[in-house]
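> mind looking at a prediction? Sequence and model below.
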Amino acid sequence: MSTSSNFVPKKMNFSIVFDDFKQLTKVGLSLSVVFSSLAGYLLAVDQVNYVVLVMLAIGGYLMVGASNAFNQIIEKDTDALMKRTMNRPLPTGRMHVSMALVIAISFTILGLAILYSINPKSALFGAISIFLYTSVYTPLKAITPLSVFVGAIPGAIPFMLGWVAATNDFGIEPGTLFLIQFFWQFPHFWAIAWLQFDEYKKAGFNLMPMGQKNKRAVVQIIIYTCCLIIVSIIPVFKLTGNFYIYPITAIILVALGSVMLYYAVKLYKFQTNKEARQLMLSSVLYITLIQIIYVIDKFLH
């Protein structure tokens with residue numbers, strides 16, 4: 001009897017520690033980034049090297065996990081002020097900052113080493129991503145809404161990182177992939193910033209364009225959504241090197257982008273959280289589907 005009662009808390013403790021680890025490294029977000037990297041890799045190759053694919057997945061996961069861990073170390077006190085983040089391991093004290101630092105530094109070293117073993121350029125972009133997210137975007141969040149533009153750079157690296165991992169080259173193709181994910185960040189992130197406006201305010205963050213939650217902010221969302229739609233179909237004109245798509249694919253992508261645009265216009269019209277949530281969810285669906293569609297299109301060539 002006594003042994004089983006001793007055993008249960010240990011099991012529970014392990015699950016709490018594992019859950020904290022997942023929260024610190026933001027497993028869901030990290031996996032979506034890995035998905036982008038793998039899609040970028042598949043777009044670049046004729047023959048898949050599964051060793052490189054696995055290394056890219058692990059290296060990419062560690063890179064994003066490190067960025068998230070550093071971010072939570074820096075924002076420990078502000079996280080404690082917001083409902084969405086107050087239950088994270090650091091603000092609650094379930095995890096010590098030194099432990100989080102060990103995880104963040106280990107992930108950085110290991111992740112960059114794995115990316116370097118694929119090729120040096122992959123490691124370089126991985127390092128740029130971690131540096132910008134941790135040392136520039138995170139501190140800027142408390143100072144200016146322009147931090148979103150800085151944050152969009154590391155946010156846009158994963159898709160192109162896959163191509164660079166496959167080719168050890170940065171040219172027009174990975175540049176196009178970068179632009180697609182770069183423009184996508186704005187409607188996606190501003191929809192979240194709209195939903196979390198009051199919470200962010202509590203923590204001293206104002207991330208809406210021009211610091212306002214109004215129609216002018218939504219105009220920016222609409223502009224960037226239009227830019228996203230245009231950039232996503234540029235490969236149909238065969239101006240982007242080895243990365244091109246069929247006209248039917250371009251039509252499908254415009255239709256997909258129009259769903260986002262529809263919700264952005266609705267947000268302009270009604271300015272409620274309902275439309276912001278619809279826009280945010282449609283943006284997640286868009287970036288997932290566009291990557292799958294590009295890969296399917298490529299293998300139909």
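Now that the structure is in, tell me what you want to look at. Computed from a prediction, not measured in an experiment: that's the story for all the values here. Numbering: from 1, shown residues only.
> alpha carbons only for contacts and neighbour counts from here, please
Will do.
> who's in contact with the strand or helix carrying residue 224?
For residue 224, the element it lies in under DSSP states H and E is helix 215-233. With contact meaning Cα atoms under 8 Å, 6 or more residues apart in numbering, helix 215-233 is reached by 176, 179-180, 183-184, 186-187, 190, 208-210, 245, 250, 253-254, 257-258, 260-261, 264-265, 267-268, 271.
> wait, what's in contact with residue 25?
64-69.
> mind running it again at 6 Å?
Contacts of residue 25 were listed using Cα atoms under 6 Å, 6 or more residues apart in numbering, and they are 65, 68-69.
> and it, how far is that from residue 140?
21 Å (Cα to Cα, to the nearest Å).
> do the same with residue 86
Computed as Cα to Cα, the residue 86 to residue 140 distance reads 21 Å.
> do residue 153 as well
Distance of residue 153 to residue 140, computed by Cα to Cα: 14 Å.
> report the angle between the lengthiest helix in the chain and helix 215-233.
Longest helix in the chain, counting residues (DSSP state H): helix 273-300. If you take axes from the mean of the first three to the mean of the last three Cα atoms, to 10 degrees, helix 273-300 sits at 10 degrees to helix 215-233.
> roughly how far is helix 273-300 from the heart of the chain?
Mean-position distance between helix 273-300 and its chain equals 13 Å (Cα atoms, centre = their mean, to the nearest Å).
> which parts of it are buried?
275-283, 286-287, 290-295, 297-298 (16 or more other Cα atoms under 10 Å).
> same question, stretch 165-183
Result for stretch 165-183 [16+ other Cα under 10 Å]: buried residues 165-167, 173-183.
> contacts for that stretch?
By Cα under 6 Å, 6+ apart, stretch 165-183 touches 41, 122, 152, 156-157, 159-160, 163, 224, 228, 231-232, 240, 243.
> how does this structure divide into domains?
13-168, 171-301 (automatic domain parsing).
> for residue 195, give its distance to residue 245.
35 Å.
> more neighbours: which of the two?
residue 245 (24 against 19; other Cα atoms under 10 Å).
> and the more buried one, which of the three is it?
Of the three states, residue 245 takes coil under DSSP: H, G, I helix; E, B strand; the rest coil.
> was I right to think it contacts residue 236?
Yes: taking contacts as Cα atoms under 6 Å, residue 245 lies within contact range of residue 236: 4.8 Å.
> where do the strands of the chain begin and end?
Assigned by DSSP state E, the strands in the chain number zero.
> buried ones in stretch 181-199?
Judged by neighbour count using 16+ other Cα under 10 Å, the buried positions of stretch 181-199 are 181-197, 199.
> quick one: pLDDT of the closest residue in space to residue 121 that isn't next to it in sequence?
Excluding the flanking residues, the one nearest residue 121 by Cα to Cα, 6 or more residues apart in numbering is residue 168, at 6.1 Å. pLDDT for residue 168: 95.
> ok, now residue 8?
The model reports residue 8 with a pLDDT of 42.
> neighbour-wise, which one of the contacts of residue 25 leads?
Ranked by neighbours (other Cα under 10 Å), the contacts of residue 25 are led by residue 65, which has 28 neighbours.
> next up, the contacts around that one.
Applying Cα under 6 Å, 6+ apart, the residues near residue 65 are residue 25.
> distance of it relative to residue 90?
With Cα to Cα as the criterion, residue 65 and residue 90 are 15 Å apart.
> go on, residue 289?
Taken as Cα to Cα, the span from residue 289 to residue 90 is 34 Å.
> of the buried residues of stretch 165-183, which is the nearest to residue 49?
Distances from residue 49 to these, taken as Cα to Cα, are shortest for residue 166 (8.8 Å).
> low-confidence ranges, the stretch 51-200 of the chain, go.
The stretch 51-200 of the chain contains no residues with pLDDT under 70.
> and the helices in it?
76-79, 89-92, 97-118, 120-131, 138-140, 147-167, 172-195, 197-202 (DSSP state H, counting those that start in this stretch).
> please name whichever of the ones you listed is nearest to residue 16.
Per Cα to Cα, nearest to residue 16 of the helices of the stretch 51-200 of the chain: helix 89-92, 9.6 Å.
> give me the contact list for that closest one.
20, 76, 80, 95.
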